[in-house]
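Visitor: everything below, folded, please.
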Amino acid sequence: MLQSFSDGIKNSKWLAYGIIGLIIIPFAFFGISSYLSGDGSSYVALVNGAEISSQALDREYAEQKNRLQKAFGGKLPAGMGDGGFLKKQALEALINRELLRQAADEEGYRIGDDLLAKQIRSEKVFQKEGRFDSTTYEAQLRSIGYSSAQFEASVRRAAALDQIRQGLVDSAFVLPSEQEQIELLKQQQREVASIALPLANYRQEAMVSAAEIEEYFKNNQARYQYPEKLKLEYLELDAEVLLPEVEIEPEELQALYAERKASLTNTEERVAAHILLKLSADASDEQIEKRQQEMLDIKRRLADGEGFAELAKVLSEDPGSAKQGGDLGSVAKGMMVKPFEEALFALQAGEISEPVQSQFGLHLIQLKEIKAKTIKPFAEVSAELEVELRHKKVEESLFYDRSELLGNESYENVDSLSPAAEATGLKVQVSDWIERGSVKGVAQYPQVRQAAFSEEVLQEGRNSAVLELADNHQLVIRLKEHQSARVKPLAEVSDEIKTVLLDRKARLAQQEAANTLLTALKAGDSVQALVDAAKLNYNEATWVGRNETAQEPALLKQLFKMAKPAAGKRNFDLVRLPSGDQAVLILSGVKVANKKADGDKSKTAPANSDRLAQSRGLAEYSAWLEVLKSKAEIVRRADL
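Guide: Numbering: from 1, shown residues only. A predicted model of the protein is given here:
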C-alpha cells in the first residue's frame, strides 16, 4: 500500500493553489469536485439513491463561474453567471460524475499503488529543482485542508474515471474507405458570396426609454444584487507559531546528537579511476588470457611513467568514464560489484591494482584518494537538531494542551472568543468580507467556508467547533458581521441594463432584417436590388476551402454544412458570427477533388485517421454516458 509513501510526506508549509491545477489539468474531462464535497444538510439531486449535496453544487458552480470569468478577462457578460443556466449546467456535471463513479465501481476500475505514486511524483507542482519533494507535496495539501490519504483517494477515483473514457476512445477505429472519403471532403472547395448585416448598424438605430429600463430592472432584480457576505472573528492555533515558546536544554541537544550519530556519520569513501577491457560472458580461456596480457602491457606502460588518465582516454572500453580519464568519483562500499570493491578497498592511496575480472571484463583500478569516515560536528548540526526538538515538544504536549483549552473554552463560552483567547494566549483576528465562493485569506479553507455559512455560526451566532485545517493547524470562528444579499440601486445598474436592452433590440431588428432578406432571396429576388435597397455590403463570389484563413471560421463551418446546389441554382443560409454580426451566405458551386492514385496517398492520412478515430471514440463515450443517464434513477430538486 501507499502508507509508507504517505507517512514520509509530513511536516511542511508552502503555497496554496497548485493542488487545483493537478486535479483539473490531467482530469479536466471529469473533474472531481463532487467527490471532494462534504456532507450537506440537504441534497440537490439523487443519482440511483446517491446524494449530491447543496455544498457540492455551490462549489461546482463557483468553479465554473471562476473559469468563465478568466475566459472573459475577469468579468462575465451581463447575466451569464447569475444562477439559472450556469447552475443547472453545474448540476448536470455533478450528475455525470456520480454516474461515472458508480460505473467505475461496478466495473472494477482501479489504479494500483505503483502507478498512483508515479503519477503524483511526476507532477511539477509537487517538485523542487526537478525532483519530487515531500515537503512541498504535504504543504500543498495542508493549504487546502487535505491529508495525503484524502488526496490519494481522490486521484485514484479520477484515474478510474479516466480509464473508462480512454477505454472507449482508444478502441475506436476508422476504415481506409472512410479515411479516403474524408481526404476528398477536406480538399473540397465552394463558391460563396455573402451579404453582411453588422450588429452595430442596428444598435445605432435602437432606442431604450427610462420606463423600459425600470420595467426590466423590476422583473430581473435577482441579476442585480450585492451577494450575501460576512466577516468572521477567529482564533488560529498553528504549531509553527508555538515553536518559540518551547525551552530547549543543552543536555537535550547533546542527547539527541548522540542518538543521531549514525545518520550524521559519513562512511568511508574512495576516489577511484579504472581502465576497462571488455570480455563477453562466454569468452574462451584463450580470449581471457589475451585480454589479460593486454592489461599487463598497459600496467607496464604506467610503470614506465605514462599517465593513467591519458591511457584511460585512449584504451579504456568503458564509455561512461573513458572521456574523464577513467574517473569514477567517490565510491562507497556496496556501490560496485564485489570483485571490483574488494580490490579497491585493499589498495593504499596512489596504488594501482593488478588486473581484476568482473562480469564486465578486466579492470585496472587506481585509488586516487581515501576519504575517511567522519561525523558531523555538534556545532554544525545543533541548530537543525534544536528545530527538530522544538517541533517534537510542540506536537507531543504544547499543541495538544492548547488545543484542549481552545476546544473547551470556545464550547463552554459559545457567545464569545475572548475567554478562549485569554486561556490560550491567542489573538482574536478578523477576516475580510467573505462571500460563498470566496477563496482568499482564511476563506481559502473549505472547512471555514462551510462552517461560516452553517446554521450554528450564521443564524445562531455561536462559536464553531474546532476546525481541523491540517496536521497541527486549527481554527475556531464566529460571526462578526453579516450582510444579506440585497438589490442594487437602479441608478447604479441603469447603464448596464440599458446596454442589455439596446443589444437585445438590435439583435431582434437584425434578425428580422436577415429573415426578410433570406426569404426574398429564396423567392428569386435580385441580389443586387436587395443589397442596394437596404444599403448593405455585398461580398462578391469567390472559391474557398475548408481551411481558408481569410474567412471567419464560423462562416466556413456553416458554409460547408449547406447542401450542394442543383445545377444552375443557388442555396442560401444565415450565419451569426462571434462578433454578433450576421451574414447571408449565397452558395453557387461545389468543386469535388479528384481521387488520388494509389501511389499518391497523403502522408498525413495516418495522423488524420488517428484524429478521426479519437473523435469517434469521444462521440461513443458521450453516447454511452447518455445511455447511463437514461437507465439511471435521477431525482433533481424542483427549484433548480
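Visitor: run through the chain and note the low-pLDDT ranges.
Guide: 1-42, 70-84, 142-146, 164-184, 263, 593-621, 638-640 (pLDDT under 70).
Visitor: would you mind pulling the contact partners of stretch 539-549?
Guide: Residues from elsewhere that reach stretch 539-549 (C-beta atoms under 8 Å, 6 or more residues apart in numbering): 186-196, 550-551, 556, 559-560, 586, 588-589, 591. Every C-beta, even on glycine, is put in place using the N, C-alpha and C of the backbone.
Visitor: please identify the buried residues of it?
Guide: Within stretch 539-549, the residues scored as buried using 16 or more other C-beta atoms under 10 Å are 544-545, 548.
Visitor: buried among the contacts of stretch 539-549? Make that a ChimeraX selection.
Guide: Selection of buried members from those for ChimeraX, criterion 16+ other C-beta under 10 Å:
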select :187,189,190,191,192,193,194,195,551,556,559,560,586
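Visitor: narrow the contacts of stretch 539-549 to those in strands?
Guide: Members of these lying in strands (criterion: DSSP state E): 189-196, 586, 588-589, 591.
Visitor: hey, where'd the strands end up in the stretch 251-400 of the chain?
Guide: Assigned by DSSP state E, counting those that start in this stretch, the stretch 251-400 of the chain shows strands spanning 265-266, 269-278, 327-332, 356-358, 361-371, 374-375.
Visitor: next one: stretch 223-236 to chain centre, how far?
Guide: Here stretch 223-236 is found 28 Å from its chain centre; the criterion is C-alpha atoms, centre = their mean, to the nearest Å.
Visitor: which of the buried residues of stretch 539-549 sits closest to residue 300?
Guide: residue 545 (76.8 Å; C-beta to C-beta).
Visitor: what residue of this protein is the furthest out?
Guide: residue 304 (64.2 Å; C-alpha atoms, centre = their mean).
Visitor: tell me which residues of the longest helix belonging to the chain are tucked away?
Guide: Longest helix in the chain, counting residues (DSSP state H): helix 490-522. For helix 490-522, the neighbour count (16+ other C-beta under 10 Å) marks 493, 496-498, 500-503, 505-507, 509-510, 513-514, 517-518, 520-521 as buried.
Visitor: what does stretch 433-452 give?
Guide: Result for stretch 433-452 [16+ other C-beta under 10 Å]: buried residues 434-436, 438-439, 442-452.
Visitor: next, the distance between the ends of that stretch.
Guide: 12 Å (C-alpha to C-alpha, to the nearest Å).
Visitor: ok, and what's touching that stretch?
Guide: 16, 36, 38, 55, 58-59, 61-62, 65-66, 143-145, 227-232, 234, 236, 429, 431-432, 453, 457-458, 464-465, 467-469, 475, 477, 479, 483.
Visitor: what about it, distance to the chain center?
Guide: Worked out by C-alpha atoms, centre = their mean, stretch 433-452 lies 21 Å from the chain centre.
Visitor: state the distance from residue 162 to residue 85.
Guide: According to C-beta to C-beta, to the nearest Å, residue 162 stands 28 Å off from residue 85.
Visitor: which of those two has more neighbours?
Guide: Neighbours were counted for residue 162 and for residue 85 using other C-beta atoms under 10 Å; residue 162 has more, 18 against 11.
Visitor: just confirm the more buried one is within a helix.
Guide: Yes. Under DSSP: H, G, I helix; E, B strand; the rest coil, residue 162 falls within a helix.
Visitor: quick one: it from residue 330, how far?
Guide: From residue 162 to residue 330 the distance is 44 Å (C-beta to C-beta).
Visitor: how about residue 138?
Guide: 32 Å.
Visitor: between the two, point out the one with more neighbours.
Guide: Remark: of residue 138 and residue 330, residue 138 carries more neighbours, 25 against 13, as counted by other C-beta under 10 Å.
Visitor: that one sits in which helix or strand?
Guide: Element membership for residue 138, per DSSP states H and E: helix 134-143.
Visitor: which strands or helices does that helix pack on?
Guide: helix 18-24, strand 127-128, helix 148-170, strand 467-470 (3 or more C-beta pairs under 8 Å, 6 or more residues apart in numbering; DSSP states H and E).
Visitor: go again with 7 Å.
Guide: For helix 134-143, the contact count by 3 or more C-beta pairs under 7 Å, 6 or more residues apart in numbering; DSSP states H and E identifies helix 18-24, helix 148-170 as packing neighbours.
Visitor: buried members of the contacts of stretch 433-452 into ChimeraX, please.
Guide: A single ChimeraX command selects the buried members of these (16+ other C-beta under 10 Å):
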select :16,36,55,58,59,61,62,65,143,144,145,229,230,232,234,236,429,431,453,457,464,465,467,469,475,477,479
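Visitor: strands - which of the contacts of stretch 433-452 land there?
Guide: Among those, the members that lie in strands (by DSSP E) are 229-232, 234, 236, 429, 467-469, 475, 477, 479, 483.
Visitor: and these, which two are furthest apart?
Guide: Applying C-beta to C-beta across the ones in strands among the contacts of stretch 433-452, the maximum distance is between 468 and 483, 28.6 Å.
Visitor: look up phi and psi at residue 416.
Guide: The phi/psi pair for residue 416 (degrees, to the nearest 10) reads phi -160, psi 150.
Visitor: rewinding a little: could I get the CA-only coordinates of the helix holding residue 138 as PDB?
Guide: Written as PDB, here are the backbone C-alpha positions of helix 134-143 (Å, rounded to 0.1, in the frame of the first residue of the first chain):
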ATOM      1  CA  SER A 134       7.700  15.500   0.000                       C
ATOM      2  CA  THR A 135       7.800  18.800   1.900                       C
ATOM      3  CA  THR A 136       6.200  20.700  -1.000                       C
ATOM      4  CA  TYR A 137       3.700  17.900  -1.500                       C
ATOM      5  CA  GLU A 138       2.500  17.900   2.100                       C
ATOM      6  CA  ALA A 139       2.400  21.700   2.200                       C
ATOM      7  CA  GLN A 140       0.300  22.000  -0.900                       C
ATOM      8  CA  LEU A 141      -2.300  19.500   0.600                       C
ATOM      9  CA  ARG A 142      -2.300  21.200   4.000                       C
ATOM     10  CA  SER A 143      -3.000  24.600   2.400                       C
END
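Visitor: start the count at 7, not 1, going forward
Guide: Understood, numbering begins at 7; the last thing we discussed is helix 140-149.
Visitor: which helix or strand contains the closest residue to residue 138 other than its chain neighbours?
Guide: Spatial nearest neighbour of residue 138, excluding adjacent residues (C-beta to C-beta, 6 or more residues apart in numbering): residue 127 at 4.1 Å. Element membership for residue 127 (DSSP H and E) is helix 119-128.
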